[in-house]
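[1] quick one, what's the 3D model for this:
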Amino acid sequence: MRKERWIVPVVVVLALAWAVAQYIASLLFERELERALADLEARGDLRISRDDVEQGWLRSSGVLHVAPLIGHAWHLAIPYEARHGVLDTSVFGRLDVHVGDADRRLFGDAMPASPPRWEAHYRTLGGTLQGELRLAPFLISQSPSGEAPRSLQFSGGRIAFDGVYGDWRTQVLLEAIELRDGDAVLEIGPLHHESRYAYTPGALHFTQQDKLTLDAVSLRHPQVNLDGTELVLEARTLLDDSELRLQSTLTIGEVRSGDDMLVDGEVSLELSRINAEALRSVVALARHKTALGTVSLEDAEAYSAMDRALAQLLKDSPRLDLKDVDLDSPMLGLSLKGEGVLVLDPRDLASLSLLSLDRPEMRERFRQRLDGDFEWRDPPAVVALWLGLPLDTSMLGIDVVKGRLRVNGRPLPPLLGG
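    Next comes the predicted model:
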């Protein structure tokens, strides 16, 4: 009898423990979701919100909305449902992509395909999230009267994501894409994209690394045939206390035209000394104007404020480094090997306007602020001939002085055209 007396209390205690653990699991999921969304928005290029939120012990749901900070080019609506467990929360949803000012649905309206569905699992103890989204194949074809038939065929894809607060990874695989327009056929893929985004709270500092690999691309046209393989673009973006830096490397395995090698090689460059505090000010200003509904640059006050803020990005003298250029084109008999640097003089920033670069006089002002140099090693003889230099010239020293070019001491027309 004594043992039987303990059954009810033990069951009650276990039930209470389960209920408390279940409640804590739902709170932890909600907290981590809010933190991750806030830090993603803090990067400055996105607007993120939630609506239709229902939070419960066993189940939560809502709709995430993601859009660019400025403009209405696209909008993601992500309905989700979370089923909470003590150790694991399963999350299910779909991805509705809207494009254009009319907010037209990409899947369903523009393309005959259903919205992609995704599934993820949040581990309560470790705070990790792991999930996957699959893209279904589709075929779009058109046969306009009197014109050659056109079609777009997509073979499907997969997006996997995982990580923990402050450190996220994504992997994207897109199978072959084929575009036909009469006798012309463009085939792309498979395409792979790997990304890692690591940040501090509030995204005050972050590092993002991306690698985009295009296994193959081919163009079949009555006038030209091109085949490319192993095209790789690697990028690294870093924001710290003082500056924003962008590093990129493009590797071209090979691009052929028939049996002839058109181009192969590698280009590596870095843009640095973009003032970090000014960047945060630009983001804060854009968010403020968005909240007030005055982010449109057609408004004179908004235009002037944004123009002044953007100019401050340049106050540390931005620098573009061509760290390594090694391109070769046996088909054209040309090669480009060298390195160089280009810097912008930041004095009198009040006279510069990044928003007015469409005006020739403003482009001229920027051009006159450019200084740098580039060394072209072993230039092809034909280039030396074009420049009126000896055919055995082994080095071209290209200097940029206030936007004007000099090659081996000889002046050339202004940089970027006159």
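[2] okay, residue 48 and residue 37: tell me how far apart.
    In this view, residue 48 and residue 37 are 5 Å apart by Cβ to Cβ, to the nearest Å. For the C-beta atoms, the positions are set from N, CA and C on the backbone; glycine is no exception.
[3] now do the shared contacts for those two.
    Taking Cβ atoms under 8 Å, 6 or more residues apart in numbering as the criterion, residue 48 and residue 37 both touch residue 64.
[4] how near is residue 81 to residue 157?
    Distance, residue 81 to residue 157, by Cβ to Cβ: 23 Å.
[5] more crowded one of the two?
    Neighbour count, other Cβ atoms under 10 Å: between residue 81 and residue 157, residue 157 has more, with 19 against 13.
[6] so what's that one up against?
    Counting by Cβ under 8 Å, 6+ apart, residue 157 touches 134, 135, 172, 173, 174, 175.
[7] in TSV: those residues, plus pLDDT, neighbour count and secondary structure.
    Putting the contacts of residue 157 into TSV (pLDDT from 0 to 100; neighbours: other Cβ atoms under 10 Å; DSSP: H, G, I helix; E, B strand; the rest coil) gives the following:
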residue	pLDDT	neighbour count	secondary structure
134	89	13	strand
135	86	21	strand
172	94	17	strand
173	94	16	strand
174	92	19	strand
175	91	14	coil
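[8] distance to residue 240 added to those, as a markdown table?
    Shown next, in a markdown table, are those (distance: Cβ to Cβ, whole Å):
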| residue | distance to residue 240 |
| --- | --- |
| 134 | 37 |
| 135 | 36 |
| 172 | 27 |
| 173 | 32 |
| 174 | 33 |
| 175 | 38 |
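[9] between those, which is nearest residue 319?
    residue 172 (31.6 Å; Cβ to Cβ).
[10] the residue lying closest to that closest one once chain neighbours are set aside: neighbouring residues, count only.
    Distances taken as Cβ to Cβ, 6 or more residues apart in numbering put residue 193 closest to residue 172, at 4.0 Å, once the chain neighbours are dropped. The number of residues packed around residue 193, counting by other Cβ under 10 Å, is 16.
[11] cool, residue 123 as well?
    Residue 123: 13 surrounding residues under other Cβ under 10 Å.
[12] before we move on, what about the one 5 residues further on?
    As a burial measure, the neighbour count of residue 128 was computed by other Cβ under 10 Å and equals 15.
[13] confidence score at residue 235?
    On the pLDDT scale, residue 235 is placed at 96.
[14] thinking again about what came up before, relative to residue 241, which of the contacts of residue 157 is nearest.
    Closest to residue 241, out of all of those and judged by Cβ to Cβ, is residue 172, at 31.6 Å.
[15] how close does the closest one sit to residue 185?
    24 Å.
[16] and what of residue 111?
    20 Å.
[17] can you check residue 362 too?
    Distance, residue 362 to residue 185, using Cβ to Cβ: 43 Å.
[18] who does the residue nearest in space to the middle of the chain bridge with?
    Centroid-nearest residue in the chain: residue 210, 8.2 Å away (criterion: Cα atoms, centre = their mean). Bridge pairing for residue 210 (DSSP bridges) gives the partners residue 195, residue 235.
[19] thinking it is in contact with residue 197, fair?
    No - applying Cβ atoms under 8 Å, one finds residue 210 not in contact with residue 197, separated by 9.1 Å.
[20] can you show me the strands along the stretch 201-350 of the chain?
    Ranges of strands within the stretch 201-350 of the chain are 206-221, 224-239, 243-257, 260-275, 319-329, 334-344, based on DSSP state E, counting those that start in this stretch.
[21] include distance to residue 375 when you put those into CSV, please.
    Formatted as CSV, the strands of the stretch 201-350 of the chain follow (distance: least, Cβ to Cβ, whole Å):
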stretch, distance to residue 375
strand 206-221, 29
strand 224-239, 24
strand 243-257, 19
strand 260-275, 15
strand 319-329, 10
strand 334-344, 5
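[22] distance of the nearest residue to residue 261 once chain neighbours are set aside from residue 263?
    The shortest distance from residue 261 to any non-neighbouring residue, by Cβ to Cβ, 6+ apart, is to residue 330 (4.8 Å). In this view, residue 330 and residue 263 are 9 Å apart by Cβ to Cβ.
[23] show the subsequent helix or strand relative to the host helix or strand of residue 37.
    Residue 37 is located in helix 2-42, with elements delineated by DSSP states H and E. As assigned by DSSP H and E, the chain's next helix or strand after helix 2-42 is strand 46-55.
[24] strand partners (parallel or antiparallel) of that next one?
    Sheet pairing of strand 46-55 (DSSP bridges) gives strand 59-68 (antiparallel).
[25] mind listing what's buried in the strand it pairs with?
    60, 61, 62, 64, 65, 66, 67 (16 or more other Cβ atoms under 10 Å).
[26] and those residues, which is closest to residue 76?
    The nearest one, if we look at the buried residues of strand 59-68 relative to residue 76 and count by Cβ to Cβ, is residue 66, at 4.2 Å.
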